[in-house]
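Student: A structural model of the following input is requested.
(one chain, ligands or ions: 1)
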Amino acid sequence: MQQQPVIDLEAEKKEILKRYKALLRACKRTLEKGDKLLIRKAFDISLEAHKDMRRKSGEPYIYHPIAVAHICAEEIGLGTTSVVCALLHDVVEDTDMTLEDIEGLFGEKVAKIIDGLTKISGVFDQGNGTSLQAENFRKMLLTLSEDVRVILIKLADRLHNMRTLESMKRDKQLKIASETLYLYAPLAHRLGLNAMKTELEDLGLKFTEPEVYDDIQQKLKQGEPERKKFIAKFIEPIKEILAEQGLEAKIIGRPKSIYSINNKIKTKGVTFEEIFDLFAIRIIIDTIPDKEKSDCWRVYSIVTDFYHPSPERLRDWISTPKANGYESLHTTVMGPEGKWVEVQIRTVRMDELAEKGYAAHWKYKDSANENQLDDWIRKIREILENPQENALEFLDDFKLNLC
Ligand code: MN
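Tutor: Below is the predicted model of the structure:
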């Protein structure tokens, strides 16, 4: 038996409060009258209900619901109802509180979402997760989650569990990580939550194939100084012209994710050293809505004045966005030293959308209220429900990850 470490309860109390306050700050932009009180109430109830529980890491259990709520607010952009539900999401499953208690305290809407969340984890924990067919998974999500927020909170829950997977036993790590790779990451992708998808994939690989992950991570680190120099050289002339033409732009070198590099090694049968596109150059311009498209093409024109483009690698997802809402202009050009470089051109709005999904829309509409959120949630439901347009692609995403 491991010796129990001495726990400083006072310090923990402070830390819990600190994390709670950080959560409130993340909620700030959607807070309306009375919301703060509601979140406080959910926090107090969750704190009390989980008070004798600890995570596998030994930390107070309440860190988990706070973190899930934080992800919902900050990384997905959800509002108060979801934050309240995230704080309470494990209460019915893991403590003495009942669904009736929740309904009495927070009303029918919150109770329904908590019910959905409890049922979804029930399905997974029966251990038949790996045998779930993609189509059945999609149907199950729809039947179990009358409210799509259930799915989004479940994704946030999974993301935090993946971030803290280190302290689990090896067999549990493997089960959770593989499930994440074949179900949750494709789901995040389908919903346009790109940053989340990439993180889930990288963490999934880290725990399913640790040696492969470490190897790629180390090689990436080794090559970093050289890559930085190359990127600086590539950017320099473009930067100048952009400034001259009055285009306000941020240019960054975006490394490919470890997961996608590994995918390339596997599917194309190449070595790490043979992969030419370990990173992409991303040019993000700040422009007014009416000029988005024309300004992106202006940037394209400037880039290709310096570097010759490969005609078959041009992708215009601005005129025709991807099904998950992705907008961007991609090209691959011959850079310095005869190296091919992928260049992604987009606006600040497109970039935020690509990273955060539809949840970022609120920012670019007139008012940031729950209606916009409802629109987004309706849209997600359409994506999941509509078999003609989207189901095939949705299934493809899954199949890719099943092998
Ligand atoms: Mn949980």
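
Student: Which residue is the nearest non-sequential neighbour of the closest residue to the ion within the stretch 1-150 of the chain?
Tutor: Relative to the ion, the nearest point of the stretch 1-150 of the chain is D90 (4.6 Å; Cβ to the ion). Bear in mind the C-beta positions are built from the backbone N, C-alpha and C, glycine included. Nearest residue to D90 in three dimensions, chain neighbours excluded: P65, at 6.2 Å (Cβ to Cβ, 6 or more residues apart in numbering).

Student: from memory the one you found sits against L88, does it?
Tutor: Yes. Between P65 and L88 there is a contact under Cβ atoms under 8 Å: 7.2 Å.

Student: Which neighbours do these two have in common?
Tutor: S46 (Cβ atoms under 8 Å, 6 or more residues apart in numbering).

Student: Kindly state the pLDDT recorded for the residue of the stretch 1-150 of the chain closest to the ion?
Tutor: pLDDT, D90: 94.

Student: Over to the one 4 residues further on?
Tutor: Note on D94: pLDDT of 88.

Student: Specify the next element, helix or strand, located C-terminal of the helix or strand harbouring L220.
Tutor: For L220, the element it lies in under DSSP states H and E is helix 210-244. Per DSSP H and E, helix 210-244 leads on to strand 248-255 as the next helix or strand towards the C-terminus.

Student: Can you name the residues that contact the residue nearest the centre of the chain?
Tutor: Centre of the chain computed as the mean C-alpha position; nearest residue by Cα atoms, centre = their mean is M196, 1.5 Å away. Shown in contact with M196 (Cβ under 8 Å, 6+ apart): E75, I76, L155, L159, A188.

Student: and those as TSV, adding pLDDT, secondary structure and distance to C27?
Tutor: What follows is these, written out as TSV (pLDDT from 0 to 100; DSSP: H, G, I helix; E, B strand; the rest coil; distance: Cβ to Cβ, whole Å):
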residue	pLDDT	secondary structure	distance to C27
E75	87	helix	12
I76	85	helix	12
L155	92	helix	18
L159	97	helix	18
A188	85	helix	21
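
Student: ok, and which of these reach the ion?
Tutor: For the ion, no contacts are drawn from the contacts of M196 by Cβ under 5 Å from the ion.

Student: quick one: which of these has the most company?
Tutor: Within the contacts of M196, most neighbours by other Cβ atoms under 10 Å means A188, with 28 neighbours.

Student: ok now do E248, which residues does it touch?
Tutor: Counted by Cβ under 8 Å, 6+ apart, E248 has contacts I285, D286, T287.

Student: now these: which count as buried?
Tutor: Neighbour-count burial (16 or more other Cβ atoms under 10 Å) applied to the contacts of E248 gives I285, T287.

Student: in what helix or strand does V343 lie?
Tutor: Using DSSP H and E, V343 falls in strand 340-347.

Student: Buried residues of that strand, list them for me.
Tutor: V341, E342, V343, Q344, I345, R346, T347.

Student: I285 belongs to a helix?
Tutor: No. The assignment for I285 (DSSP: H, G, I helix; E, B strand; the rest coil) gives strand, which keeps it out of a helix.

Student: need the contact list for the closest residue to it other than its chain neighbours.
Tutor: Closest residue to I285 in three dimensions, ignoring its sequence neighbours and counting by Cβ to Cβ, 6+ apart: A249, at 4.7 Å. By Cβ under 8 Å, 6+ apart, the contact list for A249 reads K239, L242, I283, I284, I285, D286, V299.

Student: Show me just the buried residues among those.
Tutor: Buried, going by 16+ other Cβ under 10 Å: L242, I283, I284, I285, V299, out of those.

Student: who does the second one bridge with?
Tutor: By that I understand I283. I251, I345 (DSSP bridges).

Student: State the pLDDT value of it.
Tutor: I283 is given a pLDDT of 97.

Student: With the first one instead?
Tutor: In the prediction, the pLDDT value recorded for L242 is 95.

Student: where's the closest residue to it other than its chain neighbours relative to I235, distance?
Tutor: Excluding its sequence neighbours, the residue lying closest to L242 (Cβ to Cβ, 6+ apart) is A249, at 4.9 Å. Between A249 and I235 the computed distance is 10 Å (Cβ to Cβ, to the nearest Å).

Student: Understood, closing this out.
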